[in-house]
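*Asks:* structural data only, the sequence is not supplied:
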């Protein structure tokens with residue numbers, strides 16, 4: 001979920017300094033060049049050298065910002081803002097409801113900011129095994145951050161079994177809703193699918 005200074009910010013997002021804005025601009029240029037080249041040439045045929053040239057940076061700069069080509073497609077700037085959204089929810093609110101509100105606000109903001117990027121990213125998740133595999137790997141970082149927030153809110157530790165199971169279930173629901181949307185031609189409303197996935201967690205699988 002990429003962001004630039006010209007796009008809508010999440011509610012509660014902190015303003016960035018000049019240095020951070022420059023870094024964000026470089027990351028956005030690399031990401032946008034990658035998506036453009038992938039659209040033109042295909043994922044496998046697009047190289048880091050081509051991306052660097054299109055973004056007007058060096059290959060070493062690309063690797064300074066992104067560990068791999070898959071990371072260019074998958075990473076974004078929104079995790080801190082999403083964490084702030086979750087921490088800002090009422091302390092007595094059920095955790096699943098807090099997560100639901102956070103996901104709704106984050107996804108709505110991103111869809112307004114760049115629906116096209118979301119569609120390109122999810123399409124690559126389905127079409128390119130390396131992207132899908134890397135997505136699974138990077139979820140561990142998201143899980144760690146989410147577990148810390150929920151542990152702070154519930155008075156538990158991030159390694160508490162209940163916290164770990166809850167986080168795994170929530171991220172699994174988000175992942176499957178996103179893949180389902182992409183596998184079915186990106187038809188329908190992704191936000192509705194995410195809500196349905198969270199409903200399944202809340203209500204269970206009923207006959």
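*Replies:* The structure has been received and is ready for your questions. Every value quoted in this text rests on a predicted model; they were computed, and no experiment measured them.
*Asks:* just checking, what packs against the lowest-mean-pLDDT helix or strand in the chain?
*Replies:* Ranking every helix and strand in the chain by mean pLDDT, DSSP states H and E puts helix 79-87 at the bottom, with a mean of 84. With contacts taken as 3 or more Cβ pairs under 8 Å, 6 or more residues apart in numbering; DSSP states H and E, helix 79-87 sits against helix 95-127, helix 129-154. Heads up, the C-betas are built off the backbone N, CA and C, glycines and all.
*Asks:* ok, now which ones touch the spatially closest residue to residue 170 that is not a sequence neighbour?
*Replies:* Nearest residue to residue 170 in three dimensions, chain neighbours excluded: residue 99, at 5.5 Å (Cβ to Cβ, 6 or more residues apart in numbering). If you count contacts by Cβ atoms under 8 Å, 6 or more residues apart in numbering, residue 99 has them with 86, 170, 198.
*Asks:* for residue 99, give its distance to residue 177.
*Replies:* Noted for residue 99: a distance of 13 Å to residue 177, by Cβ to Cβ, to the nearest Å.
*Asks:* picking up where we left off before, any chance of the helices and strands packed on helix 79-87 in a markdown table, plus mean pLDDT?
*Replies:* As requested, those are exported to a markdown table (pLDDT from 0 to 100):
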| stretch | mean pLDDT |
| --- | --- |
| helix 95-127 | 88 |
| helix 129-154 | 90 |
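*Asks:* how far is stretch 105-115 from where the chain is centred?
*Replies:* Distance of stretch 105-115 from the chain centroid (Cα atoms, centre = their mean, to the nearest Å) equals 11 Å.
*Asks:* can you pull the buried residues of that stretch?
*Replies:* 105, 106, 107, 109, 110, 113, 114 (16 or more other Cβ atoms under 10 Å).
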